[in-house]
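Chemist: have a look at this prediction, sequence included:
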Amino acid sequence: MKYISTRGQAPELTFEEAMLTGLARDGGLYLPAEIPVMTKDEIASLAGLPYEEIAFRVMWPYVSGSFAEDEFKSIIARAYQGFGHAARAPLKQLNENHFLLELFHGPTLAFKDFAMQLIGQLFQVALKRRGERVTIVGATSGDTGSAAIEAFRGLDAVDVFILFPHGRVSEVQRRQMTTPADSNVHALALEGDFDDCQAAVKDMFNDFDFRDGVKLAGVNSINFARVLAQVVYYFSAATSLGAPHRKVSFTVPTGNFGDIFAGYIAKRMGLPIDRLVVATNQNDILHRCLSGEGYYKGDTIPSISPSMDIQVSSNFERALYYAYGEDGNAVAQLMEELKSGGFDVSQGALQALRETFDSGRASEEETLETIKATLASSAELLCPHSAVGVKVGEEHRAPDVPMITLATAHPAKFPAAVEQASGVHPPLPPRMADLYERPERVTRITNDLGAIQAHIKGHISA
Ligand SMILES: *Cc1c(COP(=O)(O)O)cnc(C)c1O
């Protein structure tokens, strides 16, 4: 399988190269040159298989040139062994035909573990074989950083440095980043906000001496390997509800469009998905865009579902690529217009997007109300992101098609909002109940590029 850029001007790469590269040289995002299609029989045979086996069958065509079969199977086994639920992604029923796909049983209690745990193992195996090592630097407002630290801890081909805004992440999120004791992972509390963290990371990637000197690599959500890992649970959920013999729909709490784009890939692979519903909070650029108002940036308004507080959804570029008939020049042009505020989507492209995607938004009050109402009606305690999904999913539910809403984080990760809504304090799962007692290890650092770079250089293992 070859991988091509959404902007059409970067060299074609193998899966391994695309994974290690992240962003394409033309500024675009990598996609498989062709999306493999599974037959109805192949899809039917997934029903009831262990999650790891479904993962192997769904992802194998994408990675087969880069990894051996047994090697890939053991990578998958290692990636998911630390999950706290034997089903990995269990499905719960909310009402007649609305289901909740629980994606929060991984080590950091958010769906990002599904992709990050896999990519950690993939990096380790690929780098060992090449005799290389890399330094991963990332910025986080909470969930991505903890998932990355947890995924790469103890892997000797990789050092990880995560910048988070000092005093501005939740205590659970901070402790998940600061309590792993492994010497190759480093939490840096920057004296600044999330934008300062992101700017520092960007500056490090643009400093080519530094970048080459420490062999900088990234694992943010534009990495195609992360999207691929997320395709799997669309198959496991849909086949357990009767696909391919029956259609299903999905509603996805959306920020950077990575998770829902994985659903689009699953549909193109032959999974009979009726609708893919984008659920946003008050930061609703995607809902406005799919409603025909164009793709225009506004100001980010902080919400109780902070992992969806974004203005530009980086993975939306991939959906645009297909909506514009795989025309890399058209995508490059749109991204140029985005630099000065935004762009209108052509009628043809909007129609193409609407063939698959619907959208809706939930206000802060509606989110709190949904947490309360769902606890009363179904005994499910939702995190605020999942509540945005359930509210929008319920609005888009059709009588004869099961709706599956993705529950993207555990309620205990966002205890303040959950308690405000429901009066219930969500406890941490027993396996991490001692999180508040574990010793923390964190370096507080001034918002100065030179100081950050010096710290990283002084702390990489090789
Ligand atoms: C990252 C995240 C999202 C948004 O996912 P995207 O792939 O960026 O659309 C939603 N909910 C939670 C809890 C997250 O951590």
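Modeler: Yep, it's here.
Chemist: who in the stretch 1-150 of the chain is up against the ligand?
Modeler: Contacts of the stretch 1-150 of the chain with the ligand, taken as CB under 6 Å from any ligand atom, map to Ala110, Lys112, Asp143. For every residue, glycine as well, the C-beta is placed using N, CA and C.
Chemist: ok, the first one touching Ala147?
Modeler: Yes. With contacts defined as CB atoms under 8 Å, Ala110 counts as touching Ala147 at a distance of 6.5 Å.
Chemist: the two: which has the busier surroundings?
Modeler: Between Ala110 and Ala147, counting by other CB atoms under 10 Å, Ala147 is the more crowded of the two (31 against 27).
Chemist: got a list of what the more buried one touches?
Modeler: Ala147 makes contact with Gly106, Thr108, Ala110, Lys112, Asp113, Ala115, Met116, Gln117 under the criterion CB atoms under 8 Å, 6 or more residues apart in numbering.
Chemist: mind redoing it with 10 Å?
Modeler: Going by CB atoms under 10 Å, 6 or more residues apart in numbering, Ala147 touches 106-117, 119-120, 138, 140, 162, 176-177, 219, 226.
Chemist: could you list which of these belong to strands?
Modeler: Gly138, Ile162 (DSSP state E).
Chemist: show me which of the contacts of Ala147 are buried.
Modeler: Buried members of the contacts of Ala147, counted by 16 or more other CB atoms under 10 Å: 106-117, 119-120, 138, 140, 162, 176-177, 219, 226.
Chemist: if we can go back for a sec, common neighbours of Ala110 and Ala147, please.
Modeler: Common neighbours of Ala110 and Ala147 (CB under 10 Å, 6+ apart) are Met116, Gln176.
Chemist: tell me which parts of the stretch 201-350 of the chain are close to the ligand?
Modeler: Residues of the stretch 201-350 of the chain lying close to the ligand (CB under 6 Å from any ligand atom) are Ser221, Pro253, Thr254, Gly255, Asn256, Phe257, Gly258, Asp259, Ser307, Met308.
Chemist: check those and tell me the two furthest apart.
Modeler: Maximum pairwise distance among those (CB to CB): 13.8 Å, between Ser221 and Pro253.
Chemist: give me the common contacts of the two.
Modeler: Here Ser221 and Pro253 share the contacting residues Asp259, scored by CB under 10 Å, 6+ apart.
Chemist: okay, whichever strand or helix holds Val58 in CSV with CA atoms only?
Modeler: Secondary structure from DSSP states H and E places Val58 in helix 51-63. Output in CSV follows, covering the C-alpha atoms of helix 51-63 (Å, rounded to 0.1, in the frame of the first residue of the first chain):
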residue,chain,number,x,y,z
TYR,A,51,-11.2,-7.3,19.5
GLU,A,52,-7.6,-8.0,18.7
GLU,A,53,-8.5,-10.4,15.8
ILE,A,54,-10.9,-7.8,14.3
ALA,A,55,-8.1,-5.3,14.6
PHE,A,56,-5.8,-7.5,12.7
ARG,A,57,-8.2,-8.3,9.9
VAL,A,58,-9.3,-4.7,9.4
MET,A,59,-5.8,-3.1,9.5
TRP,A,60,-3.7,-5.7,7.8
PRO,A,61,-4.1,-4.5,4.2
TYR,A,62,-2.9,-1.1,5.2
VAL,A,63,0.3,-2.2,7.0
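Chemist: residues of the next helix or strand after it that come out buried?
Modeler: Next along the chain after helix 51-63, taking DSSP H and E as the criterion, comes helix 69-80. Across helix 69-80, burial judged by 16+ other CB under 10 Å covers Phe72, Lys73, Ile75, Ile76, Ala79, Tyr80.
Chemist: and for the closest residue to the last one other than its chain neighbours, the neighbour number?
Modeler: Of all residues beyond its chain neighbours, the one nearest Tyr80 is Arg88 (5.5 Å), with distances taken as CB to CB, 6 or more residues apart in numbering. Residues lying near Arg88 (other CB under 10 Å) number 23.
Chemist: quick one: average pLDDT of the helix holding Val58?
Modeler: Mean per-residue pLDDT for helix 51-63: 98.
Chemist: biggest helix in this protein by residues?
Modeler: Using DSSP state H to define each element, the chain has its longest helix at helix 112-130.
Chemist: and that one, average pLDDT?
Modeler: What helix 112-130 shows for mean pLDDT is 97.
Chemist: worst-scoring helix or strand of this structure, pLDDT-wise?
Modeler: Least confident helix or strand of the chain, by mean pLDDT, DSSP states H and E, is helix 194-206 with a mean of 86.
Chemist: which secondary structure elements does that one contact?
Modeler: Where contact means 3 or more CB pairs under 10 Å, 6 or more residues apart in numbering; DSSP states H and E, helix 194-206 is packed against strand 134-139, strand 158-165, strand 185-190, helix 208-214, strand 216-217, helix 449-459.
Chemist: residue contacts, the residue nearest to Pro415 when sequence neighbours are not counted?
Modeler: Distances taken as CB to CB, 6+ apart put Pro426 closest to Pro415, at 5.5 Å, once the chain neighbours are dropped. Shown here is Pro426, whose contacts under the criterion CB under 10 Å, 6+ apart are Leu381, Leu382, Cys383, His410, Pro411, Ala412, Lys413, Phe414, Pro415, Ala417, Val418, Glu419.
Chemist: what do you get for Ala262?
Modeler: Neighbours of Ala262 in contact, by CB under 10 Å, 6+ apart: 114-115, 226-234, 250, 252, 276, 315.
Chemist: which ones among the residues you listed map onto strands?
Modeler: Among the contacts of Ala262, the members found in strands (DSSP E) are Phe250, Val252, Leu276.
Chemist: now the stretch 1-150 of the chain against the ligand: closest residue?
Modeler: Closest residue of the stretch 1-150 of the chain to the ligand, CB to the nearest ligand atom: Asp143 (3.6 Å).
Chemist: tell me the bridge partners for the closest residue to that residue other than its chain neighbours.
Modeler: Nearest non-adjacent residue to Asp143, counting by CB to CB, 6+ apart: Ala110, 4.6 Å away. Beta-bridge partners for Ala110, by DSSP bridges, are Ala409.
Chemist: all set, thanks.
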